[in-house]
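> make a model of this:
(one chain, ligands or ions: 2)
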Amino acid sequence: MADPMISTTSPEPAKVNLLGLTQAKLEAFFEELGEKRFRATQVLKWIHQLGVTDFMDMTNISKALRIRLTEVAEVRPPEVLQQLDSADGTRKFLIRVSGGNAIETVFIPDGERGTLCVSSQVGCSLDCSFCATGKQGFNRDLTVHEIVGQIWIAAQSFGQLRENGPRKITNVVFMGMGEPLLNFDNVVDAVNIMMHDNCYGISKRRVTISTSGVVPALDRLGQYTDACLAISLHAPNDELRNELVPLNKKYPIAMLLDSAKRYIDGLPDTHRKMTVEYTLIDQVNDRPEHAHQLAELLRDLPVKINLIPFNPFSLSNYKRVSNNALRRFQQILMDEGYTTTVRTTRGDDIEAACGQLAGQVNDRTRRSERYSRSVSDEVVRIVPHG
Ligand code: SAH
Ligand code: SF4
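Numbers count the residues shown, from 1 in each chain. Ligands and ions are numbered 1, 2, ... in the order given. The predicted structure follows:
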């Protein structure tokens with residue numbers, strides 16, 4: 001009897017998911033099929049501007065080529081497991097990615113502006129002490145089509161992907177789950193697709209890559225993109241930053257600021273500023289002396305500062321900054337001449353705030369296991385005294 005585990009027919013070759021191909025890669029794909037390069041422009045518009053996933057509906061392409069495409073390729077966005085709408089208009093998607101994992105993507109409307117916060121990895125390996133994603137450990141990098149799939153899904157949900165559809169998504173920030181510069185090639189391609197005129201056409205001034213400071217990758221970034229840059233600083237000195245962002249031990253503040261400045265200086269347009277993100281945690285990094293030290297540290301750099309009140313989550317003992325400390329911190333920086341904004345918490349009712357994005361990570365680093373063990377140890381220690 002045939003072994004049921006062994007298939008007698010050879011497996012079909014995997015189809016190429018065109019959702020993840022840049023214009024250049026799609027042109028190369030068509031050339032390989034013996035087709036003209038301009039097919040890439042047509043297909044990109046069908047996919048990213050009109051939301052069409054069935055090649056047979058791509059009516060300006062010959063029938064023979066449409067049939068050929070169905071044989072070798074597909075346009076397959078990831079599956080939405082759940083869509084949650086907040087009372088304030090924030091929309092969160094829980095998206096299935098292969099391997100039994102889920103990632104989160106958040107859309108935040110603000111007047112004319114609509115910002116999509118995308119994830120770049122399943123989990124994160126960097127383990128910042130205040131971040132829920134970090135506490136979950138790391139599983140894997142997202143593919144280009146999984147990153148682009150997030151904007152495709154969100155745009156589709158707003159009816160944006162049709163002739164004259166509303167342009168709801170005006171900005172993209174890589175501030176969801178994961179460290180974008182540790183998934184360099186895929187993030188660069190995804191950014192390219194988001195900005196491309198035949199795709200989403202988002203301006204380079206409206207796509208922001210946020211990094212906790214992977215300096216060697218940041219040093220290379222300017223060769224591949226001219227997107228905006230945000231650096232997650234969170235502390236004005238190395239001693240404190242080592243505690244909050246362990247990666248700082250490898251790439252300390254001075255190195256990071258140097259590299260970030262070189263990136264900004266290398267951009268073709270002048271007057272661009274990088275965003276310095278600073279998550280304010282009660283009694284940890286929210287003192288006036290921290291604000292003064294930060295002002296000194298950033299002197300003469302092309303920066304604007306974004307203060308993020310820490311959002312608590314169950315595995316963390318940190319507390320949100322008090323309103324008084326927040327206002328005082330902001331005032332000191334403004335008095336020193338810095339443009340300083342405070343990120344308001346949105347989507348509270350659907351757990352869509354910064355740092356709360358957890359999805360479901362099949363942790364390969366066993367970090368989440370270590371954390372839950374240390375939390376239950378704590379419970380055991382507490383019980384005898386209770
Ligand atoms: N890995 C990248 C991008 C994802 S994190 C980075 O670190 O920059 C995006 C932003 O969310 C970072 O600035 C991070 O500091 C912030 N963040 C993480 N956890 C948070 C929390 N619990 N409360 C508020 N902001 C948080
Ligand atoms: Fe990773 Fe960014 Fe979270 Fe740090 S803050 S653990 S780099 S996702």
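
> what residues does the stretch 1-150 of the chain have near ligand 2?
C124, L126, D127, C128, C131, T133, G134 (CB under 6 Å from any ligand atom). All C-beta spots, glycine's among them, are computed from the backbone N, C-alpha and C.

> the first one contacts N139, doesn't it?
No. Checked against CB atoms under 8 Å, the pair C124 and N139 is beyond contact range at 9.6 Å.

> that older thread, so which of the residues of the stretch 1-150 of the chain next to ligand 2 are in helices?
Under the assignment DSSP state H, these contribute T133, G134 to helices.

> who wins for most neighbours among the residues of the stretch 1-150 of the chain next to ligand 2?
Of all those, T133 has the most neighbours under the rule other CB atoms under 10 Å, reaching 29 neighbours.

> the one residue sitting closest to the centre of the chain pairs with what?
Most central in the chain under CA atoms, centre = their mean is F174, positioned 2.8 Å from the mean C-alpha point. Note on F174: beta-bridge partners I209, judged by DSSP bridges.

> how about it, what does it touch?
Contacts for F174 were tallied using CB atoms under 8 Å, 6 or more residues apart in numbering; they are V118, S120, P180, V187, T208, I209, S210.

> and for E243?
Contact analysis of E243 by CB under 8 Å, 6+ apart lists S129, A235.

> how far away from the center of its chain is the helix or strand where it lies?
In this structure, E243 sits in helix 238-244 according to DSSP states H and E. Taking CA atoms, centre = their mean, to the nearest Å, one finds the center of helix 238-244 at 23 Å from the center of the full chain.

> please parse this protein into its domains.
Per the record, the chain has its domains at 16-74, 79-379, by automatic domain parsing.

> okay, now the residue in the stretch 151-300 of the chain positioned nearest to ligand 2: neighbour count?
Nearest to ligand 2 in the stretch 151-300 of the chain, going by CB to the nearest ligand atom, is S212, at a distance of 3.7 Å. Residues within reach of S212, counting by other CB under 10 Å, total 26.

> residues contacting it?
L126, C128, E179, I231, S232, V245, L247.

> make it 10 Å
Contacts for S212 (CB atoms under 10 Å, 6 or more residues apart in numbering) come out as 124, 126, 128, 131, 134, 179-182, 231-234, 241, 244-248, 251, 256, 277.

> also E179?
Applying CB under 10 Å, 6+ apart to E179 gives the contacts 120-121, 123-126, 128, 133-134, 138, 141, 187, 210-214, 217, 232, 247.

> distance check, it against A24.
25 Å (CB to CB, to the nearest Å).

> and what of R262?
Counting by CB to CB, the gap from R262 to A24 is 26 Å.

> which residues does the closest residue to Q49 other than its chain neighbours contact?
With CB to CB, 6 or more residues apart in numbering as the criterion, Q49 has its nearest non-adjacent residue at 6.5 Å, and that residue is L161. Under the criterion of CB under 10 Å, 6+ apart, the contact list for L161 reads W46, I47, H48, Q49, L50, G51, V52, W152, I153, A154, A155, Y200.

> pull out the buried positions in the helix holding E243.
L240, R241, N242, E243, L244 (16 or more other CB atoms under 10 Å).

> just the CA trace of it, in CSV.
Once non-C-alpha atoms are left out, helix 238-244 reads as follows in CSV (Å, rounded to 0.1, in the frame of the first residue of the first chain):
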residue,chain,number,x,y,z
ASP,A,238,24.0,55.7,27.8
GLU,A,239,23.6,54.4,31.4
LEU,A,240,19.8,54.8,31.3
ARG,A,241,19.4,53.9,27.7
ASN,A,242,21.3,50.6,28.3
GLU,A,243,18.6,49.7,30.7
LEU,A,244,15.7,50.6,28.4
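
> who does the helix or strand that that helix is followed by touch, helix- and strand-wise?
Beyond helix 238-244 in the direction of the C-terminus, DSSP H and E gives the next helix or strand as helix 253-266. For helix 253-266, the packing partners by 3 or more CB pairs under 10 Å, 6 or more residues apart in numbering; DSSP states H and E come out as strand 207-211, helix 215-221, strand 228-232, helix 238-244, strand 274-280, helix 288-297, strand 303-309.
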